[in-house]
Structure formats: structure tokens, C-alpha cells
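quick check, what structure comes out for this input:
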Amino acid sequence: MNNQLGSATSISRNLSVSLVLVLVGVIAATVFIHCLVISHNEKRELGEKADELLGNLQKSVELPIWNFDREALEKIAGAYFLSDPVAELLITEGVSREIIIRRTEPGDFNTIAREGDVLHQGEVIAHIKLGLTKKYYKKRLENLIFSYAVTGIILIVMVVFATGFLLRVFLKNPFNNLIQGLERIAAGDYSYKLTQVRQKEFSLIVDRFENMADTLQTRERSLNRAKNYISDLFNSIDSILVGVDAQGKITHWNKRAQEVAGKSIDQALGKHFNEMFPWLENKGEMIDQALSRGTLEKDPKLQINSESGVSYVSIAVAPLTSEAQQGAVVRIDDVSDRVRLEEMMIQTEKMLSVGGLAAGMAHEINNPLAGMLQNSQVIENRLSVETMPANIKAAQEWGITMAALKGYMTTRGVFELLSSVRQAGGRAARIVENMLSFSRKSNSGFVDSDLRIVVDDTLELAANDYDLKKKYDFKSIVLKKEYSRDMVKIPCDVTKIQQVILNILKNGAQAMAENRDEYKKPCFVLRIHKVRGTGIIEIEDNGPGMEESTRKRVFEPFFTTKSVGVGTGLGLSVSYFIISENHGGSLAVESSPGEGARFIIRLPMRTTAQLDSKTP
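Numbering: from 1, shown residues only. Predicted coordinates for the structure are as follows:
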């Protein structure tokens, strides 16, 4: 644009030059024609004068030539030669052509010649040749041309100044007004009104420009509305959306991208995609593949390892199909929750299968266990009851007495062994019953339960839990119970409360196992009491405790401080939901680094009917 302006010429300059050229042409043509006319007239007048001088000279020299009066002839010739136009005079003898008088103007050969005979009484006595010079005629032409040139120059200067003045008044000022208006309109000032002019042509142009400005303003408003709408739509999407050109440089940057990358749109525009997202491990290559192939490129689950933990993102690169500008749109979504949910669903399926298998095994164990307990009771009765007729008869057949048999069994400790067998069997039966109760779905809803029994049953389950027993050596953990004696029954879903307590015990056991101190034995303190219509269960450990940032997030879904594959981050969040939503209570944690953690479960002492109405 600037090069075009630099090479362009102004209208006033072109018009002035054109007028000057026209004037010069007109003046030159006028001078040329005038000179032709003058030249023709001068030649005609000079010829007529030559004829007139020749006739007079013929008469004047007739007698001096006839009388051979050379002196008179010289005087007459000299008088004629002094005339301005005469440049040549030659008088010769009539028959012999002998020169009588010859006079010429030095250096002047451009003349008009006239010749004639001198007669005396009808007889040729001499011949005269008279030449008239054109130099006076030339001087007149030169003076005329000079006067025309001076007049033309003065006229041209006047025309140039007059043209400039008129152009400035009638053309330049209106044009400057138009240019100023265009600059204001180009700068976005569509409300600017051009100065009205008197010229009809320019008035039409001003009207057209104002109509054009109104049209541009309307279109710009529509464009801005569309741009703002697209921008709002772009920013409202809760995904990272980045537009890039063919070189991978960023052209668009939505609000979510600003939040994740920590860079404003001004900082991001023009930068390479890899520079803004170094943690994506040069996934900018997907942009090149999408552009070269013209297809959608995806990576549905990319693992990101960072100081805050492991997360997963989904990346999709869609190439732009417009021929005007090549590029692509990159969409990045955080799919960590979805991936963990998928893993949790898989784990849940496994646990359902394991639970079903455990329930089946418990049933299968329960039958022979019942037979063992019953048979141990029968054995003890047959060896110890002396009054039973069948026992007396069998002893007599073998020649012994029941008193002697009982004394032998007592001395050998057989009855103690049988009692130990019954106790161990009873304990195994209670474990099996707890496993069956915990694994089956609860359809009974809320029942009035003694929290002390609920906690003790859960501890027995925990002692037989594979992870707690094998991985964290739960039996080596010291259990301190501080139960209130005046505790009343509280309506609750026992199975779900056991699930909550077991989750807390597992987390505490793992924390203490990972940070074992040889000088401090791992310990759980379990407290049960009531305060103003609320049953409270406190589970306190002497583990490493938690930072404040961890404590605030401990009940968030999928939040975990465990390594990859160890935990899903759902145990405590599900526990929080069970206590707060299902039971109308609260679950809180108190902890500080190095001081262990204390989980506090508060359950309202409402009636069963009141809580059943809240049960989902």
C-alpha cells in the first residue's frame, strides 16, 4: 500500500502538467500559423516592392546608360542600394553583358531577385538584376516569436497558479475532507460525519461514503456479536481448547487453557504448542499428523506424572478443512476421574466376585463347622455324664466305671481340650456369620443397634481381613477400647457402619505400617460415647498424621496419597456419604503432622421411623 502511494502522482500535478502541455501546444500552433501567414505576406510584399523598385530603376538609369554618364549612374545605383531591402544590384551591358555596376550586401545570400531590360526607344541598352534581402523579414519573425514566447510563459504561469488555486478550492479540500473521513471510518469512528460540500458530484460521494460507513458499522456489530458468541462458547467449554496454525503456533486460547497452563491469551498467542504444554511429552506431533493426513487424531488416555500425583488426559486433534487457513483445533480433557471410575468398576466387579465366592465358602464351612461343634458336645456328654444309662451300660461292657473314665479324662485334660475345640468352633462360627452379614446386601434398613457390638464385630472382621492381616499385621496393632457404659442403642444400617469403620481402620493401619517406628508400637484407640442425643464413635491412631492440605481434601472423591494401583481414593468419600447422607450424621477428621489422626463419627439418636424416611 505504501509503495503504491509512493509511486502515485497527484491529480493537481497531472492536471497542471496537462494544461501546460495543452497551452504550449496551442501557443506553438498559433505562432506557427501566424508565422506562416506573416511569411507569406512578407514574401508577397517583398516581391511587389522588388517589382516596383526594378521599374523605377529601369526608368532612372535609361538616360545615364544611353549617354554613358557613369557618374550619374553610380549615384542612382548608390541611392537605390541604400534602400533597406536592397542587398544586390547588378547592371550589365545589353548585348555583351559586360558589367557596368555591381553592388552586393556581404554575407547575405537569402534574397528575392528581380531582373529586367533597360530600353531606349525600343532598343535594349542594359540588363538589371535587383535582389532584396529577407533579413528584415526574419527579424520581424524572431521578434514576433519572442513576444509570443513571453506571452505564453506568462499565460502558463498564470494558468498554473489559477489551476492550483481552483483545484485547492474545488477539488483538493473536498478530497482532503473525504480522506480524513475515510481515516476516521477506518479507525472505527463510524459516527463521524463528512463535511458537506457545494459540488453536486462530491455531495453524492459524501452520501455514498456515509451509507458505506453505516453498512460497515452494522456489519462490524454483527461480526462482533458473532465473535463474542463464539468466544463465549469457546470459553464456556470445560475442556482445554487450543487453535493452532500449520506450524503448530497458537492462534486461539480458551479460558480453561489459561487456567491449566497459567498463561494469558496474550502470552500464549504465537507460541508453539509444545512450549505451552511441555508436560504433554511433545504431543505436538499429533498436530502434524492430523494436518498431513486430514484426519482426527486421538489419544484417549495419556498418563501424566507430576509432583501432585498421577493423572490422565484425553487429547483430540481435529484438522481445519478451510482452504483459506490451515490449522487444527486441539481438545484436552482431564479423564482422571473417568479412568479411576473404570478401574473402580473393574475392582468392584472383582470384589463382587470375591464376595460371592467368600459367601459360598462361608456357607460350605458353616455346615461341617456345625457338625464339629455338635459332635464335640456329644463326645463331652458321653465321657462326663455318669447318670446317662447308655454311658453306664457301655462302661460295664468294657469292665470300667464312669467315675474312673471321667477321672482319667480329667487327669489327661481331655475335657479342657474339648472345651477349647468348642470355643474355637464358636469363634469360627461368629467369624463366618460376620462375613455372611457383611457380604450380603442389606434389605432390612435401619435397626436399633448397640454401637459397641457394631465396633467389636468390625474389629473381628478386620482381624481376619487378608490385607490387614498379611500386609499391615493388624494383630500386632494395640487396640484400646474406651466405651461408655450408659450407651443406648442407635438406629443405623449396621453393614454400612461396619463398612465405614473398616475403611478407617484400613487407612490407619496402612499409614502406621508405612511409617513404622521401632520405638512406638502402632495403636488404635476406639471410643464410644454419647453427647446430647448423638452417638459418637472415635477412631484414633498414632500414625504420621496429615498435612493441613491433605486433611482438607481427605473426603474428596478419587483423592488419594497412595501410590498408583494401591487405592482408588473412594473409600473415605463413600464413608462420608454413608454417614452424612444415609444416616444424617457427620464424619470429621482431626490431624496434624506427627500427631496421628482421629476420625469422629456422629450418629443422631433418632427413631427408626425417622431415619427410614431418609434412607435412599
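
need the residue closest to the centroid of the chain.
Among the residues of the chain, H252 comes closest to the average C-alpha position under CA atoms, centre = their mean, at 1.2 Å.

give the full set of residues in contact with E548.
By CB atoms under 8 Å, 6 or more residues apart in numbering, the contact list for E548 reads S592. Where you see a C-beta, it was placed from the backbone N, CA and C, and this is true even at glycine.

roughly how far apart are it and P593?
From E548 across to P593, the span is 9 Å (CB to CB, to the nearest Å).

equivalent analysis for E62, please.
157 Å.

tell me the bridge partners for the residue nearest to the centre of the chain.
On the basis of DSSP bridges, H252 is bridged to G243.

between E62 and P593, which is the more surrounded one?
Comparing E62 with P593 by other CB atoms under 10 Å, the one with more neighbours is E62, at 16 against 12.

isn't the more buried one up against Q121?
No - contact criterion CB atoms under 8 Å: E62 and Q121 do not qualify, at 9.6 Å.

quick check: what element follows the longest helix seen in the chain along the chain?
The longest helix of the chain (DSSP state H) is helix 11-66. Under the assignment DSSP states H and E, the closest C-terminal helix or strand after helix 11-66 is helix 70-81.

looks to me like Y312 is in a strand.
Yes - counting by DSSP: H, G, I helix; E, B strand; the rest coil, Y312 is part of a strand.

I figured it hits Q303, correct?
Yes - counting by CB under 8 Å, Y312 touches Q303, with 5.8 Å between them.

counting neighbours, go ahead and name the busier of the two.
Y312 (17 against 12).

how about the more buried one: what's its closest non-neighbour residue?
Using CB to CB, 6 or more residues apart in numbering and skipping the chain neighbours, the partner closest in space to Y312 is V339 (4.5 Å).

equivalent analysis for L155, please.
That would be L23: by CB to CB, 6+ apart, it lies 6.3 Å from L155.

now do the contacts for that neighbour.
152, 155-156, 159.

distance of it relative to V150?
According to CB to CB, L23 stands 14 Å off from V150.

then A79?
With CB to CB as the criterion, A79 and V150 are 39 Å apart.

how about A462?
Using CB to CB, A462 is found at 127 Å from V150.

which of those two has more neighbours?
A462 (23 against 10).

quick check: which element contains the more buried one?
Going by DSSP H and E, A462 is in helix 451-464.

coming back round to it: you'd agree the residue nearest to Y312 is up against I304?
No - taking contacts as CB under 8 Å, V339 lies outside contact range of I304: 11.1 Å.

any residues in contact with both of those two?
What both V339 and I304 touch, as defined by CB under 8 Å, 6+ apart, is the set Y312.

in terms of neighbours, single out the busier of those two.
Each of V339 and I304 has its neighbours counted (other CB under 10 Å); V339 has more, 19 against 15.

do you know how far that one is from V26?
From V339 to V26 the distance is 93 Å (CB to CB).

ok, now A226?
As judged by CB to CB, A226 and V26 stand 61 Å apart.

could you do S16 as well?
Taken as CB to CB, the span from S16 to V26 is 16 Å.

please apply the same query to E518.
In terms of CB to CB, E518 sits 122 Å off from V26.

what does A186 give?
The separation that A186 has from V26, given CB to CB, amounts to 43 Å.

those two - which one has more neighbours?
Taking neighbours as other CB under 10 Å, A186 and V26 compare with V26 leading, 12 against 9.

show me what contacts that one?
Contacts for V26 (CB under 8 Å, 6+ apart) come out as none.

and it, how far from G164?
For V26 relative to G164 (CB to CB), the value is 20 Å.

same check on G545?
93 Å.

likewise for E275?
According to CB to CB, E275 stands 59 Å off from G164.

again with R452
Distance from R452 to G164, by CB to CB: 113 Å.

same deal with L57?
61 Å.

which of the two has more neighbours?
In this view L57 and G164 are compared by other CB under 10 Å, and L57 has more residues nearby, 22 against 15.

from N177, how far out is that one?
According to CB to CB, L57 stands 78 Å off from N177.

contacts for the one helix or strand K481 maps to, please.
Following DSSP H and E, the helix or strand that holds K481 is strand 478-483. Contact with strand 478-483 is made by 452, 455, 459, 521-529, as judged by CB under 8 Å, 6+ apart.

could you redo the last one with a cut-off of 7 Å?
Contacting residues not belonging to strand 478-483 are listed as 452, 459, 521-528 [CB atoms under 7 Å, 6 or more residues apart in numbering].

let's see which of these end up in helices.
Those of the contacts of strand 478-483 lying in helices (DSSP H): 452, 459.

pick the one among the contacts of strand 478-483 closest to D69.
P522 (173.9 Å; CB to CB).

give the contact list for the closest one.
Shown in contact with P522 (CB under 7 Å, 6+ apart): 477-478, 512, 542.

just the buried ones from the contacts of L23?
Buried subset of the contacts of L23 (neighbour count, 16 or more other CB atoms under 10 Å): 152, 156.

helices - which of the contacts of L23 land there?
Those of these lying in helices (DSSP H): 152, 155-156, 159.

can you show me the helices along the stretch 501-616 of the chain?
Remark: helices assigned in the stretch 501-616 of the chain by DSSP state H, counting those that start in this stretch are 548-553, 571-577, 608-612.

buried stuff in the helix or strand T411 falls within?
Using DSSP H and E, T411 sits within helix 402-412. For helix 402-412, the neighbour count (16+ other CB under 10 Å) marks 402, 405-406, 409 as buried.

from these, which is closest to N41?
M409 (179.2 Å).

in the stretch 201-350 of the chain, which spans are strands?
Counting by DSSP state E, counting those that start in this stretch, the segments of the stretch 201-350 of the chain that form strands are 240-245, 250-253, 297-306, 309-319, 327-334.

among the ones you listed, which is nearest Q498?
Nearest of the strands of the stretch 201-350 of the chain (CB to CB): strand 309-319, 29.8 Å.
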